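Asker: only geometry, no sequence info:
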């Protein structure tokens, strides 16, 4: 069985995080992040490690980890496509996008492809309602104004380990000025 | 004194108090789900909405501003407030659903939200009949739901632990159970997982909800989400009658309610008693229903040449009387017990002092290290202190063997103490004495005794029990014996089936009644058989005699025990001194 441990250096960082707060509870989220960065997931054993490191009940850490879709409670693919299906995106066709990606990769939301490259998640609002429908790749870059063509390119690029570039989207009132430039 | 106006009525209050708790203390009604007086206040169910306002004070004059008609100007909070988390302040004005249309609307809409994903299958839900959600929906809820979508489905029948089952769909996420494990039992075993409409309480992966107090979460669950794996789907609340009693499986003696149906104990739930157990009790105490229902001794047993034979009461009385006539008083070992009530032990001691044996003994059942300084004590018997206060000689567990094998005794009388089962003595050592066992359940001692007399359990008689802290409480009859009748004994409670059922109904069975009598009554009969002056007609005569003759019990009566939720016998004198 795989053993999960923090190194001495990491423990020192964790101590610094804990010292910022009056009690160790608020440190759960940053430490879960650290764990996910290190191990790629926060499976129950990792949650247990976090709980023991912070001296908190396991149930508490489990509750926090399951609250956020950004924490991966099971091993995910290399690229996790978080497709927003909250209201604004829904109104702009988020489910069509989601189903298109599902059909394209041959898996359902929540699953991972057999080669371990892609996972799809249907997630709640990512705060990008102005650019709906949109998705986020592995808790990192946003891909906005999704169309079928755009999805095709993004997925082809990801297969070559090429992340899409950051796409600045100006506010509506500034859009004309931006276009002139 | 600070004043508060609730629905145009003026009330006075002292000290800091929350509005909801104050309203409940006045006997008024306000719906709520997540609030519990012994837990923290998260205000997450939003059901206790009220309109709240405070009088406007002129800061320069320091006086309340008044309008043209001379009434105080009230500035209301812009939104509805949750009464559970709102501190009462002087001059506060509260409008509940009684006077405010806005509050009525708020309560209705909150219930509509709570019910969006709640299954509407009350007829098959175990909580139906005692469900705050069901009751409050009837009283304050909307007529129907506007949500025509499919309900969110969540896991059902999750075995959270050995004693608690979760139906996640019914959960309304009030977090009472989570707060209980965090704040009261301190095991921190439960948490709410997921978010939005998918959330429900569960343990961390790989752990189980084996808290020794886990079933309390079932009691405080305001819906049918948490059920006791022992009791679920066994009985409906309206079929049972409940009787106040106490926990007999532990020295703490938690106050409980005993729920019976057709003279079987279906479940045992804690009864609020701030002096002992607050709202809680250990899970082990709820198992006592097995003691009351199963493996009971019914009719006296005689041991004839190694075989246990059912006998008549007269035969048993004659056999014992004959034996007691042949032995000297000093050859009788009288063994009382912390499992028997104060009255039974007292009459046992009194009867044998009439015969000439002045000293009664008992062996406390204290298992060091099993207690937890909360509601589980090391002491296993509910009345160990009662025996001490009655002046019984306390024998060490290893010394009783010596007493009996010394040959001093020819007859031993054992009241409700399983001396063989507790490994205090072997049957070999008992083979030379005549043993009379008065007990409730079949056990190793009853099987070996020469005569076994069935006596009533705590819930078949009135009896007082003194807990580890010296607090005396009494039990009430909840289960009929062959000789009692709940229609005649006004101290027994009646459920719907008891009221309206007849003995010809197919759900009524006589076999649940045990052929047993209280131990004190047996000694009265025995005295009669032996032509001794010894008479009690009623258990009240015994307790008043004890309170007059024993300094520990002075001033004790059933009325006081009922009204004061038990009487503290240890600190009693101190309190009286303070009063003087």
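Answerer: Good, I have the coordinates. What you are looking at is a predicted structure, and each value in this text was computed from that prediction instead of being measured.

Asker: so for the chain, the centremost residue is which one?
Answerer: You didn't pick a chain, so chain A it is. Chain A has residue A:139 as the residue nearest its centroid, 3.0 Å off, counting by CA atoms, centre = their mean.

Asker: was after chain B, sorry
Answerer: Centroid-nearest residue in chain B, with CA atoms, centre = their mean: residue B:256, separated by 0.7 Å.

Asker: just to revisit the earlier point, which residue is the nearest non-sequential neighbour of the residue nearest to the centre of chain A?
Answerer: residue A:70 (5.2 Å; CB to CB, 6 or more residues apart in numbering or on different chains). Any C-beta I mention is one placed from the backbone N, CA and C, and that applies to glycine too.

Asker: kindly provide the distance from the one you found to residue A:76.
Answerer: Computed as CB to CB, to the nearest Å, the residue A:70 to residue A:76 distance reads 11 Å.

Asker: can you check residue B:504 too?
Answerer: As judged by CB to CB, residue B:504 and residue A:76 stand 67 Å apart.

Asker: so for those two, which residue has more residues nearby?
Answerer: Taking other CB atoms under 10 Å in any protein chain shown, residue B:504 and residue A:76 do not tie; residue A:76 has more neighbours (18 against 6).

Asker: tell me the contacts of the spatially closest residue to the more buried one that is not a sequence neighbour?
Answerer: Nearest non-adjacent residue to residue A:76, counting by CB to CB, 6+ apart: residue A:119, 4.2 Å away. By CB atoms under 8 Å, 6 or more residues apart in numbering or on different chains, residue A:119 lies in contact with A:76, A:77, A:79, A:80, A:81, A:107, A:110, A:111, A:112, A:113.

Asker: over to residue B:318?
Answerer: residue B:529.

Asker: how many neighbours does the closest residue to residue B:409 other than its chain neighbours have?
Answerer: Nearest non-adjacent residue to residue B:409, counting by CB to CB, 6+ apart: residue B:333, 4.2 Å away. By other CB under 10 Å, the residues close to residue B:333 number 23.

Asker: assign residue B:333 to helix, strand or coil.
Answerer: With DSSP: H, G, I helix; E, B strand; the rest coil as the basis, residue B:333 sits in strand.

Asker: that one pairs with what?
Answerer: When bridges are called by DSSP bridges, residue B:333 pairs up with residue B:412.

Asker: and the residue nearest to residue A:125 when sequence neighbours are not counted, how far is that from chain B?
Answerer: Leaving aside its chain neighbours, residue A:125 sits nearest to residue A:86 (3.8 Å; criterion: CB to CB, 6+ apart). Using CB to the nearest CB, to the nearest Å, residue A:86 is found at 10 Å from chain B.

Asker: swap in residue A:26?
Answerer: 16 Å.

Asker: that residue should be in a helix, yeah?
Answerer: Yes. Counting by three-state DSSP, residue A:26 is located in a helix.

Asker: on that earlier part again, who wins on neighbours among the contacts of residue A:119?
Answerer: residue A:81 (25 neighbours).

Asker: does residue B:48 touch residue B:20 like I think?
Answerer: Yes. Between residue B:48 and residue B:20 there is a contact at 5.1 Å, judged by CB atoms under 8 Å.

Asker: out of the two, which sits in the more crowded spot?
Answerer: Between residue B:48 and residue B:20, counted using other CB under 10 Å, the more crowded position is residue B:48 (29 against 24).

Asker: show me chain A divided up by domain.
Answerer: A:8-67, A:79-159 (automatic domain parsing).

Asker: want to throw those domains into CSV with distance to residue B:146 and mean pLDDT?
Answerer: Formatted as CSV, the domains of chain A follow (distance: least, CB to CB, whole Å; pLDDT from 0 to 100):
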stretch, distance to residue B:146, mean pLDDT
domain A:8-67, 28, 95
domain A:79-159, 18, 94
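
Asker: out of these, flag the one nearest residue B:110.
Answerer: Residue B:110 lies closest, by CB to CB, to one member of the domains of chain A: domain A:79-159, at 21.7 Å.

Asker: just to revisit the earlier point, partner strands of the helix or strand the residue nearest to the centre of chain B falls within and their direction?
Answerer: According to DSSP states H and E, residue B:256 maps onto strand B:255-261. Here strand B:255-261 is paired, per DSSP bridges, with strand B:241-246 (antiparallel), strand B:264-270 (antiparallel).

Asker: packing partners of the very next helix or strand once past the longest one?
Answerer: Proceeding N to C from strand B:264-270, the next assigned helix or strand is helix B:283-286, under DSSP H and E. Counting contacts by 3 or more CB pairs under 8 Å, 6 or more residues apart in numbering or on different chains; DSSP states H and E, helix B:283-286 packs against strand B:264-270.

Asker: again, only using 10 Å
Answerer: With contacts defined as 3 or more CB pairs under 10 Å, 6 or more residues apart in numbering or on different chains; DSSP states H and E, the packing partners of helix B:283-286 are helix B:216-220, strand B:264-270.

Asker: avg pLDDT for the first one?
Answerer: Okay, so that is helix B:216-220. Mean per-residue pLDDT for helix B:216-220: 97.

Asker: cool, stretch B:166-174 as well?
Answerer: Mean per-residue pLDDT for stretch B:166-174: 96.

Asker: hmm, that stretch touching chain A?
Answerer: No. Using CB under 10 Å from any CB of the partner chain, stretch B:166-174 stays clear of chain A, coming no nearer than 11.7 Å.

Asker: residue B:355 - how many residues pack around it?
Answerer: When neighbours are counted by other CB under 10 Å, residue B:355 registers 19.

Asker: could you pull up the residues touching it?
Answerer: Applying CB atoms under 10 Å, 6 or more residues apart in numbering or on different chains to residue B:355 gives the contacts B:324, B:325, B:327, B:328, B:329, B:332, B:334, B:526, B:527, B:530, B:532, B:534.

Asker: redo those residues as TSV? Include secondary structure.
Answerer: Output for the contacts of residue B:355, formatted as TSV (three-state DSSP):
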residue	secondary structure
B:324	helix
B:325	helix
B:327	coil
B:328	coil
B:329	helix
B:332	strand
B:334	strand
B:526	helix
B:527	helix
B:530	coil
B:532	coil
B:534	coil
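
Asker: for residue 103, pull up the helix or strand it's in.
Answerer: Unless you meant another one, I'm taking chain A. Residue-wise, residue A:103 maps onto helix A:94-105 under DSSP H and E.

Asker: the chain in question should be chain B.
Answerer: Element membership for residue B:103, per DSSP H and E: helix B:101-114.

Asker: what is the mean pLDDT for that helix?
Answerer: The model assigns helix B:101-114 a mean pLDDT of 96.

Asker: circling back to that earlier point, does the residue nearest to residue A:139 touch residue A:80 like I think?
Answerer: Yes. The pair residue A:70 / residue A:80 is scored as a contact, 9.3 Å apart, by CB atoms under 10 Å.

Asker: any residues in contact with both of the two?
Answerer: With CB under 10 Å, 6+ apart as the test, residue A:70 and residue A:80 both reach A:121, A:123, A:136, A:138, A:139.

Asker: of the residues you listed, keep whichever come out buried.
Answerer: Among the shared contacts of residue A:70 and residue A:80, those classed as buried by 16 or more other CB atoms under 10 Å in any protein chain shown are A:121, A:123, A:136, A:138.

Asker: helix/strand/coil for the first one?
Answerer: Yep, that's residue A:121 we're talking about. Of the three states, residue A:121 takes strand under three-state DSSP.

Asker: can you put the buried ones among the shared contacts of residue A:70 and residue A:80 in CSV and add distance to chain B?
Answerer: CSV is the format used below for these (distance: CB to the nearest CB, whole Å):
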residue, distance to chain B
A:121, 14
A:123, 11
A:136, 17
A:138, 21
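
Asker: hmm, back to that, among the helices and strands packed on helix B:283-286, show me which one is buried the most.
Answerer: helix B:216-220 (a mean of 24; mean count of other CB atoms under 10 Å in any protein chain shown).

Asker: hmm, that one in reach of chain A?
Answerer: No. If you take CB under 10 Å from any CB as the test, helix B:216-220 misses chain A, and the best it gets is 13.2 Å.

Asker: name the strands paired with the next helix or strand after that helix and say parallel or antiparallel.
Answerer: Using DSSP H and E, the helix or strand that follows helix B:216-220 in sequence is strand B:226-228. Strand B:226-228 sits in its sheet next to strand B:164-166 (antiparallel), going by DSSP bridges.
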